[in-house]
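> 3D, please:
(one chain, ligands or ions: 1)
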Amino acid sequence: MIAIASDHAGYPLKQVIIEHLKGQNVAFKDFGTDSEASCDYAIFAQRACNAVVSGECERAILCCGTGVGISIAANKVRGIRCVCCSDPYSAAMGRRHNDANALAMGARVVGTELGLMIVDSFLGASFEGERHARRVGQIMAIERGESLE
Ligand code: RB5
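Sure thing, here's the model as predicted:
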């Protein structure tokens with residue numbers, strides 16, 4: 001199950017992604033927003049990311065105008081590793097090396113076709129573990145307030 005959410009600026013891209021996921025028979029849950037009426041991205045980031053942390057959803061896809069605000073908000077949720085991407089390579093490597101469990105994109109940055117390529121790269125890649133697991137472990141230690149040195 002994929003959690004998907006956006007603010008008003010990301011709403012058009014979110015709707016395109018939803019149709020794309022439907023076409024691929026990928027299960028998703030839409031955490032809003034429901035229109036292009038102005039709203040606050042942190043609320044929607046938190047809703048979708050809580051569903052990932054609880055185990056209800058495996059990953060989150062988040063859209064705002066730049067992808068920046070909603071990714072910053074997502075990364076404040078404990079257990080979330082959100083990558084803000086405008087290219088497919090970073091999205092895939094975010095999965096392979098960083099075990100990213102959330103993807104953020106800017107609807108005002110990427111077009112719909114590029115956005116869908118980024119989504120497919122993110123969903124199609126798997127974490128490689130090994131030395132990367134140690135590094136992701138360090139990231140999570142920082143989140144717990146532990147010193148790495
Ligand atoms: C909304 O205008 C815009 O600020 C928001 O979507 C996002 O780009 C913030 O980072």
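> please make it C-alpha for all contacts and neighbour counts, starting now.
Will do.
> so the residue most central in space within the chain bridges to which residues?
Ranked by distance to the mean C-alpha position of the chain (CA atoms, centre = their mean), the top residue is residue 103 at 2.2 Å. Bridge pairing for residue 103 (DSSP bridges) gives the partners residue 61, residue 83.
> residues of this structure that sit close to the ligand?
Residues of the chain lying close to the ligand by CA under 6 Å from any ligand atom are 7, 9, 64, 65, 66, 67, 68, 69.
> surely the third one meets residue 11?
Yes: when contacts are counted by CA atoms under 8 Å, residue 64 is listed as touching residue 11 (7.4 Å).
> between those two, who's got more neighbours?
residue 64 (30 against 23; other CA atoms under 10 Å).
> show me the contacts for that one.
Contacts for residue 64 were tallied using CA atoms under 8 Å, 6 or more residues apart in numbering; they are 6, 7, 8, 9, 10, 11, 41, 70, 104, 105, 106, 107.
> just send the residues you listed back as a markdown table, with distance to residue 93 and pLDDT too.
Below are the contacts of residue 64 laid out as a markdown table (distance: CA to CA, whole Å; pLDDT from 0 to 100):
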| residue | distance to residue 93 | pLDDT |
| --- | --- | --- |
| 6 | 23 | 99 |
| 7 | 26 | 98 |
| 8 | 28 | 98 |
| 9 | 26 | 98 |
| 10 | 23 | 98 |
| 11 | 25 | 98 |
| 41 | 25 | 98 |
| 70 | 20 | 98 |
| 104 | 14 | 99 |
| 105 | 15 | 98 |
| 106 | 18 | 98 |
| 107 | 21 | 98 |
